[in-house]
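*Asks:* Sequence first, predicted model second:
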Amino acid sequence: MSESDEHQPDEPHQWGEAVTASSGARVEPGDIIIDPDLALSPEPVVGDDVSTPLEEDEPEGIIPPSPLWAMKDRRHVQWHLLPSHTRHERLRLALGTDDGTIYVIDDGHSHAMVGRRVGASPSGCQYALVGRITMETFEQLQQHTTPLTEAFSDAAEISLCGAVVEERILSSNIFDVARYDGIADVPPAYRPGAPFNKFPDDLEITAY
């Protein structure tokens, strides 16, 4: 083995480093944000500390970070990756008010993602319920022919997602807490129309 093939002590570790949240340390791609008070398994940061695909060109204030990033992460079609001549209509909507608000983003020509804020834990983890609906269902919600409380009635791929939001680096660790076959399997406290939950502890992760 030549000297050039040997590991050099001063080289950065190719898998990234563990960075304590709010430590002020620069976060690099592959780093893992560690919060000693958060009882969750962290995931590597993807992108850099300036922006991520979850932050690209977002209208200010339409959708809060937790449901927005969860919906963008779980949708099938990433709008910003499509050639300009094949892009569908880009949706960013908030339907309803207060705890009854349903958020909508695009997911290709035939589908949309819906989401709602479910709650937060003392550690700062924010939870959102997200699912995938047809454009027909979206139009019915927008035209008020289907009530917002029924937004997930025909939804597929329903997930309760957790987001550990790190605003300072414009990034987030997003993970599935639970997955459901249909809205009937979702606990009533997480469904549309239920009040925002202030959980005493982080929710148990059952999606593996």
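*Replies:* In hand now; what should we look at?
*Asks:* which outside residues touch stretch 130-139?
*Replies:* By Cβ atoms under 8 Å, 6 or more residues apart in numbering, the list of residues contacting stretch 130-139 from outside reads 67, 70-71, 74-76, 91, 104, 107, 109-115, 146, 151-152, 154-159, 161, 183. Backbone N, C-alpha and C define where each C-beta goes, glycine included.
*Asks:* Which SSE is immediately downstream of the worst-scoring helix or strand of the chain on mean pLDDT?
*Replies:* Least confident helix or strand, the chain: strand 32-34 with a mean of 58, by mean pLDDT, DSSP states H and E. Sequence order places helix 65-74 as the next helix or strand after strand 32-34, per DSSP states H and E.
*Asks:* List the buried residues for the helix or strand encompassing residue 94?
*Replies:* Using DSSP H and E, residue 94 maps to strand 92-95. Neighbour counts over strand 92-95 (16 or more other Cβ atoms under 10 Å) mark 93, 95 as buried.
*Asks:* Just the C-alpha atoms of it, please, in PDB.
*Replies:* Taking C-alpha atoms only, strand 92-95 is exported to PDB below (Å, rounded to 0.1, in the frame of the first residue of the first chain):
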ATOM      1  CA  ARG A  92     -49.200  26.400  -1.800                       C
ATOM      2  CA  LEU A  93     -52.500  26.800  -0.100                       C
ATOM      3  CA  ALA A  94     -53.900  27.100   3.400                       C
ATOM      4  CA  LEU A  95     -57.500  26.100   3.500                       C
END
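*Asks:* So which residues of the chain form helices?
*Replies:* 65-74, 135-142 (DSSP state H).
*Asks:* got the CA coordinates for the last one in PDB?
*Replies:* Meaning helix 135-142. The C-alpha coordinates for helix 135-142 follow below in PDB (Å, rounded to 0.1, in the frame of the first residue of the first chain):
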ATOM      1  CA  MET A 135     -56.600  16.500  -7.800                       C
ATOM      2  CA  GLU A 136     -60.300  15.800  -7.900                       C
ATOM      3  CA  THR A 137     -60.400  15.600  -4.100                       C
ATOM      4  CA  PHE A 138     -58.300  18.700  -3.900                       C
ATOM      5  CA  GLU A 139     -60.700  20.700  -6.100                       C
ATOM      6  CA  GLN A 140     -63.600  19.500  -4.000                       C
ATOM      7  CA  LEU A 141     -61.900  20.800  -0.900                       C
ATOM      8  CA  GLN A 142     -61.000  24.100  -2.600                       C
END
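*Asks:* For that helix, the averaged confidence score.
*Replies:* In this model, helix 135-142 carries a mean pLDDT of 95.
*Asks:* how about low-confidence regions in the chain?
*Replies:* For the chain, the stretches with pLDDT under 70 are 1-60, 78-88, 166-172, 208.
*Asks:* let's see 50
*Replies:* Where the chain drops to pLDDT under 50, the residues are 2-15, 44-53.
*Asks:* Pull up the gap between residue 165 and residue 196, please.
*Replies:* From residue 165 across to residue 196, the span is 16 Å (Cβ to Cβ, to the nearest Å).
*Asks:* just residue 68 next, same as before
*Replies:* Taking Cβ to Cβ, one finds residue 68 at 16 Å from residue 196.
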